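Engineer: how would this look folded up:
(one chain, ligands or ions: 1)
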Amino acid sequence: MTYLIFNIKVRLLAYESLRLVQNPGSVLPPDVAYALPGLPASINAVGYSGIWKLPIMLNTKKQNILELDRKELITWLDDQGIEPYRADQILKWIYLRQADRFDRMTDIAKDIRPLLDDHFTISRLQIEDIETSKDGSRKYLFRLEDGKTIESVLIPERDHYTLCTSSQVGCAQDCRFCLTARGGFQRNLTKGEIVSQVRDVKNDLQDSMPLSNLVFMGMGEPLANYKNLLDAIEVITDSSLGLGFAGRRVTVSTAGLVSRLADLGRDTRVNLAVSLNATDNATRSRLMPINRKFPIEKLLKACQNFPLRGGRRITFEYVLLKDVNDSAKDAGRLARLLRPIKSKINLIPFNSHEGCQYQRPDEDTILQFQKILIDNNYTVMIRQSKGQDISAACGQLAAGHRAEGKGHGEKA
Ligand code: SAH
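Structural biologist: Model (predicted):
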């Protein structure tokens, strides 16, 4: 009987679709939409908006529930006649309890669970590979639904883990020293794909040391994928219905997308890191094309205006490249440039990758550079990039290479 009704509904829908194709612009009568309650919302949507949603209608694939925010979930539930408080229950199952199936959600009414299952998946990223470094950091290679790949790096610290998270597949910034730039830009990650890196790695952790810190320093320019980044941060930092990270333990690193800095300061409570990497515009424009649009003065002005909560500082990252930006003069200029900004400095000695023209300065030069900054009263870390033996260090991420048979391991 159920099958028969379903069959009739599908036929009716097929007929209406044909009618729509023949009469573009017309809409399905609302009664047709209401006549199809048993079908997924993606199909029913056509009833309301006619020909323009036709491609969606033909795509009956379930939706990944991680792509929805709380409001959207409540709206969907409401359309099904289900009370809004169910949304919070579902979200808790997904993010706090790491549920993979709706039928395990024991406090959700039994008749709602199959309905959810008909419409949604609770997707995880496919773990293609995990490489572990001698220093304990772990590089996750994730395969996305469209076959593309991204990487996240889990870094053990003294009492917690930090996850270096990707925001895009590839990157459009074209920084000359960065391996991710090589493959060009492929696409933005969705909100669900950003959140899933964190949710899935957390789920995969075997020991009791917590994953409490996040840095958006993986593949991509986070501020160039602003909306999805923001939606992801909202879930990641939601302590009652999300992943519960403290805002002060999340850091967004940017190549200097000045047009978004004020937005980030207004919309979130995360830390800001800025990849400065040079102290004069000619050098910076050569290394980082974004500098032609947003030169150093504009970037630093925007940093000065960035709201800093509770004694926080902006981290300035500085990739040290031999004979390019590593002179004592550069260090002095850097000290002067950052003077008006509450800042700390991360020096990142260049991590080499095959075919790159740049080199890492020798140890003395690195220490001398650091000393000049310390003498100018800056807090200066030399970031000993972890995971170099598995090409997981800063700027070495370039997913997709492995899929094409050029594994990172081979290049290290
Ligand atoms: N697009 C963002 C985040 C990704 S890059 C940004 O530019 O900040 C994260 C950090 O790695 C940046 O500071 C970048 O300058 C640095 N980096 C890139 N390639 C590197 C390399 N080969 N060696 C050392 N650091 C590198």
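Engineer: so what strands line up beside the helix or strand harbouring residue 169?
Structural biologist: Element membership for residue 169 (DSSP states H and E) is strand 168-170. Sheet pairing of strand 168-170 (DSSP bridges) gives strand 185-188 (antiparallel).
Engineer: quick one: is the strand it pairs with near the ligand?
Structural biologist: No - Strand 185-188 stays clear of the ligand (C-beta under 6 Å from any ligand atom), getting no nearer than 11.4 Å. Backbone N, C-alpha and C define where each C-beta goes, glycine included.
Engineer: SS state for the spatially closest residue to residue 382 that is not a sequence neighbour?
Structural biologist: Counting by C-beta to C-beta, 6 or more residues apart in numbering, the nearest residue to residue 382 once its immediate chain neighbours are dropped is residue 347, at 4.8 Å. At residue 347 the chain is in strand, as set by DSSP: H, G, I helix; E, B strand; the rest coil.
Engineer: now the one 5 residues further on
Structural biologist: Following three-state DSSP, the label given to residue 352 is coil.
Engineer: before we move on, the earlier item: pLDDT averaged over the helix or strand following the strand holding residue 169 - what is it?
Structural biologist: Of the helices and strands lying after strand 168-170 in sequence (DSSP H and E), the nearest is helix 179-182. Helix 179-182 carries an average pLDDT of 92.
Engineer: can you list contacts of helix 179-182?
Structural biologist: Residues from elsewhere that reach helix 179-182 (C-beta atoms under 8 Å, 6 or more residues apart in numbering): 170-171, 173-175, 219-220, 353, 356, 395-398.
Engineer: which of these lies closest to residue 330?
Structural biologist: For those, the residue nearest residue 330 by C-beta to C-beta is residue 175; the value is 17.4 Å.
Engineer: quickly note the distance from that closest one to the ligand.
Structural biologist: To the ligand, residue 175 is 6 Å away according to C-beta to the nearest ligand atom, to the nearest Å.
Engineer: what ranges do the strands span in the chain?
Structural biologist: 63-64, 120-121, 126-132, 138-143, 149-156, 161-164, 168-170, 185-188, 211-216, 250-254, 271-275, 314-320, 343-349, 380-382 (DSSP state E).
Engineer: which residues are in contact with the residue nearest to residue 382?
Structural biologist: Contacts of residue 347 (C-beta under 8 Å, 6+ apart): 318, 320, 366, 369, 370, 380, 381, 382, 383.
Engineer: quickly note the distance from it to the ligand.
Structural biologist: From residue 347 to the ligand the distance is 10 Å (C-beta to the nearest ligand atom).
Engineer: any idea what that residue is bridged to?
Structural biologist: Here residue 347 sits in beta bridges with residue 318, residue 382, as judged by DSSP bridges.
Engineer: spell out which parts of this protein neighbour the ligand.
Structural biologist: So the chain meets the ligand at 173, 177-178, 217, 221, 253-255, 275, 277, 317, 319, 348, 350-351, 394-395 (C-beta under 6 Å from any ligand atom).
Engineer: which residue does this protein have closest to the ligand?
Structural biologist: residue 395 (1.8 Å; C-beta to the nearest ligand atom).
Engineer: that residue: what's it in contact with?
Structural biologist: Counting by C-beta under 8 Å, 6+ apart, residue 395 touches 177, 178, 179, 180, 319, 348, 350, 351, 353.
Engineer: which one of these is nearest residue 87?
Structural biologist: Once C-beta to C-beta is applied, the member of those that ends up nearest residue 87 is residue 180, at 36.2 Å.
Engineer: my read: residue 332 touches residue 372, true?
Structural biologist: Yes - with contacts counted by C-beta atoms under 8 Å, residue 332 reaches residue 372, the gap being 6.2 Å.
Engineer: compare the two (neighbour count), which wins?
Structural biologist: Per other C-beta atoms under 10 Å, whichever of residue 332 and residue 372 has more neighbours is residue 372, with 18 against 15.
Engineer: just to revisit the earlier point, nearest to residue 286, of the strands of the chain?
Structural biologist: Minimum separation from residue 286 across these (C-beta to C-beta) falls at strand 314-320, 13.1 Å.
Engineer: so residue 314 touches residue 345, yeah?
Structural biologist: No - if you go by C-beta under 8 Å, residue 314 and residue 345 don't touch, sitting 9.9 Å apart.
Engineer: start and end of stretch 299-315, how far apart?
Structural biologist: 13 Å (C-alpha to C-alpha, to the nearest Å).
Engineer: specify the beta-bridge partners of residue 142.
Structural biologist: Bridge pairing for residue 142 - DSSP bridges - gives residue 127, residue 150.
Engineer: does it touch residue 150 like I think?
Structural biologist: Yes - in this structure, residue 142 is within contact of residue 150 by C-beta under 8 Å, at 5.3 Å.
Engineer: ok so, going back, of all the contacts of helix 179-182, which two lie farthest apart?
Structural biologist: 220 and 356 (18.9 Å).
Engineer: looking at the two, which one has more neighbours?
Structural biologist: residue 220 (29 against 16).
Engineer: got phi/psi on the residue positioned nearest the centre of the chain?
Structural biologist: What sits nearest the mean C-alpha location of the chain, by C-alpha atoms, centre = their mean, is residue 167, with 3.1 Å. Phi and psi for residue 167, reported as degrees, to the nearest 10, are phi -120, psi -20.
Engineer: can you check residue 350 too?
Structural biologist: The phi/psi pair for residue 350 (degrees, to the nearest 10) is phi -50, psi 130.
Engineer: residues in contact with it?
Structural biologist: 177, 319, 320, 321, 322, 358, 359, 360, 361, 395.
Engineer: and it, how far from residue 363?
Structural biologist: 13 Å (C-beta to C-beta, to the nearest Å).
Engineer: same check on residue 383?
Structural biologist: Applying C-beta to C-beta to residue 383 and residue 363 gives a distance of 14 Å.
Engineer: residue 176 too?
Structural biologist: According to C-beta to C-beta, residue 176 stands 24 Å off from residue 363.
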